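Q: Mind folding the following:
(one chain, ligands or ions: 1)
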Amino acid sequence: MEKIYITQPSLPDLEEYTKLLKQIWQSKQITNNGDFHKKFEAELCKFLKVDNISLFTNGTLALIVALQALRITGEVITTPYSFVATTHALHWNGIKPVFCDINEHDFNINPDKIEALITPRTTAIMPVHVYGNPCDNEKIQQIADVYGLKIIYDAAHAFGVENNNKSVLEWGDLSILSFHATKTFNTVEGGAIIAKDEKLKKRIDYLKNFGFANETTVIGYGINAKMNELISAFGLLQLKSIENEIEIRKEKTILYRNLLANIEGITIFEDFENVKHNYSYFPILIDKNKFGKTRDELYERLKKNNIFPRRYFYPLISQFPAYKGLVSSKKENLPVATKNAEQILCLPLYSKLKSTEIEIIVEIITSLKIVL
Ligand code: T4K
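A: I've put the predicted structure just below:
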């Protein structure tokens, strides 16, 4: 059987892309806020129902600049259950991460545990909408308001996700997106910051361009994190098919759910009420006491059969040597995150994944349970 990976990027039509490339070749404007960049920002704003988007080279630089833009310092309360870039962005800004435990059902930061972690040095909260599951914004905002904290959402997984018909990207002070090849919406590499107002967008745009406000004025410690014209044109084409992409992913998700329902020891997750999802990942939890085999035994069995799921997010960020020494990293402080990280397996999910392939994946899972 051909190898099945966790994901496979969707690509735009090559002929259509070539036409746009020809335009770029003619104009000679290949980066620095050219026409495709401007158009992609405008189209994204429409699609995502937000007013201010700044495009970036990738999601990690977007996170680093978001923290710079809000002048965040000291300590930031965040989740250990994410991709390591979330915490690295804090470190690159000289900020100490303080890890907070998560909810079992949505993998997101548990707002009820945030307050106990606030100190006089705390300046912000950085939650992640893990797998595109919306965080409990209301509770997080209430805490931020009481203590005068900023909120930066790592929405790397949450492209197009809405709650009660409103984009989750409107929440908090800033949100960042990733358009990496492995994401539901990809521009090869890419990212964005979503700002509440034009003034902040302007500051972000300066910061991603070395801090230049004009030819001779540098307003701060900027960096180069601009998206170029080739990628902006690619992104514009990707936008045309994203709704269809999400719809197909939804169908695959429903098939997985139906086939995996009622297998003892496997937890699957239904859509949350009032949430328009983007079906970015298909996470399951494997409880070895009920399933009879560990998550890693299942992971290895699938790999032997040329199927490559991923253990996003194991190990927890707090378990990496760079962060392990922090008091908030202690496993006893993060019981739910620790348990979920030990049980998690994200199964392959992408639009070209065939129904027959999903059936084979589920058969392998089921057969492993039977061979007890
Ligand atoms: N915040 C969060 C919450 C994030 O999840 C991420 C990134 C970020 C921030 C930072 O955003 P970026 O700076 O990346 O824009 C991947 C991605 O590199 C990373 O973007 C993503 N999160 C993370 C969750 O996953 P890997 O190391 O697991 O990817 P990799 O190369 O092993 O790819 C997985 C599989 O996908 C491959 O086995 C095959 C397939 N694949 C991959 C690529 C890159 C393809 O078929 N084609 C491809 O081009 O990190």
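Q: Get me the contact residues on the stretch 151-300 of the chain for the ligand.
A: The stretch 151-300 of the chain comes close to the ligand at residues 154, 156-157, 178, 180-182, 191, as judged by Cβ under 6 Å from any ligand atom. The way it works is simple: take the backbone N, C-alpha and C, and place the C-beta from them, glycine included.
Q: Among those, which pair sits farthest apart?
A: For these, the farthest-apart pair by Cβ to Cβ is Asp154 and Ala181; their separation is 18.2 Å.
Q: Among the two, which residue is more densely surrounded?
A: More crowded of Asp154 and Ala181, by other Cβ atoms under 10 Å: Asp154, with 28 against 15.
Q: Can you tell me the closest non-neighbouring residue to the residue in the stretch 1-150 of the chain positioned nearest to the ligand?
A: Of all residues in the stretch 1-150 of the chain, Gly59 sits closest to the ligand, with a separation of 2.7 Å (Cβ to the nearest ligand atom). Among residues not flanking Gly59 along the chain, Ser178 sits closest, at 2.9 Å (Cβ to Cβ, 6 or more residues apart in numbering).
Q: The one you found bridge partners, please.
A: For Ser178, the beta-bridge partners under DSSP bridges are Gly191.
Q: That one: how many residues sit nearby?
A: Taking other Cβ under 10 Å as the criterion, the count of residues near Ser178 is 28.
Q: re earlier: I'd like the residues of the stretch 151-300 of the chain next to the ligand laid out as JSON lines, including secondary structure and pLDDT.
A: Supplementary listing: those in JSON lines, determined by DSSP: H, G, I helix; E, B strand; the rest coil; pLDDT from 0 to 100:
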{"residue": "Asp154", "secondary structure": "strand", "pLDDT": "98"}
{"residue": "Ala156", "secondary structure": "coil", "pLDDT": "98"}
{"residue": "His157", "secondary structure": "coil", "pLDDT": "98"}
{"residue": "Ser178", "secondary structure": "strand", "pLDDT": "98"}
{"residue": "His180", "secondary structure": "coil", "pLDDT": "98"}
{"residue": "Ala181", "secondary structure": "coil", "pLDDT": "98"}
{"residue": "Thr182", "secondary structure": "coil", "pLDDT": "98"}
{"residue": "Gly191", "secondary structure": "strand", "pLDDT": "98"}
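Q: re earlier: check contacts around the residue of the stretch 1-150 of the chain closest to the ligand.
A: For Gly59, the residues meeting the contact criterion (Cβ atoms under 8 Å, 6 or more residues apart in numbering) are 85, 154, 156, 176-180, 190-191.
Q: and if we set it to 7 Å?
A: Under the criterion of Cβ atoms under 7 Å, 6 or more residues apart in numbering, the contact list for Gly59 reads 85, 156, 176-178, 180, 191.
Q: Going by distance to Asn333, which of these wins?
A: Out of those, the member with the shortest distance to Asn333 (by Cβ to Cβ) is Ala85, at 22.1 Å.
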